[in-house]
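In: coords please:
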Amino acid sequence: AAGASAIVWDVIFASPEGSDGAAGNAALAGALQELRDAGIPNILGVDGTSLVDRSGRLSRLDNPAGAIPTFDELAGAGGLVKVDTDTDGVVRSTSIVVETDDGRFLPSLSLAAVLAHRGAQIQPVIGPEGVQAGGRLVPTGPEGKMRLNWASGLDGAPGRRAVVSASDVYDRAVDPSRFA
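Out: Numbers count the residues shown, from 1 in each chain. The predicted structure follows:
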């Protein structure tokens, strides 16, 4: 983890696996503790039984389930790993924050990762124009969803990367015309 500003786990550590579950859990807990002691936040994935679209309001995550308590206590935060699909199965937008069924706001795993990397508070603030996170406003509708832009500038044309780093967008290092 030398030089890492955050470690993000896109995995749900809900239960021990295999015959060495206890030993494996102890080893991972030790590694998470070392990272925490070094000041490197661990961001763990959170899932739930369903993501309920509430038309014009934040989606609700029912029965949020994260890591087993041993890991959860060592985590800097959690982030939603579910992806929104339209009725035809295509992902056109993504919830960057949802409300859990107990009333907490939970950022997406990607938003939590960017905030941890920037050393910002992981808890986003919801407003009428979007989600305030780490001193930046991410434009969304009242439902907290960010529309994904599948513009032709992202197609990996010669001399251009097909992937644009969220960190580069956050730092304003990407020419906005790239998304036009």
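
In: can you give me the strands in this structure?
Out: For the chain, strands defined by DSSP state E occupy the ranges 7-9, 42-46, 50-52, 60-62, 77-80, 93-95, 97-100, 105-107, 125-126, 130-133, 136-139, 145-147.

In: Out of those strands, point me to the one whose mean pLDDT is lowest.
Out: Ranked on mean pLDDT, the bottom entry among those is strand 50-52, at a mean of 80.

In: for it, packing partners?
Out: Helices and strands touching strand 50-52, by 3 or more CB pairs under 8 Å, 6 or more residues apart in numbering; DSSP states H and E, are strand 60-62. Where you see a C-beta, it was placed from the backbone N, CA and C, and this is true even at glycine.

In: Which positions in the strand it packs on come out as buried?
Out: 60-61 (16 or more other CB atoms under 10 Å).

In: And the most centrally placed residue in the chain, how far from residue 178?
Out: When CA atoms, centre = their mean is applied to the chain, the residue found nearest the centroid is residue 109 (1.3 Å). Separation of residue 109 from residue 178 (CB to CB, to the nearest Å) stands at 24 Å.

In: now swap in residue 71 and tell me
Out: Taken as CB to CB, the span from residue 71 to residue 178 is 38 Å.

In: Of those two, give the one with the bigger neighbour count.
Out: Ranked by neighbour count (other CB atoms under 10 Å), residue 71 and residue 178 place residue 71 first, with 18 against 15.
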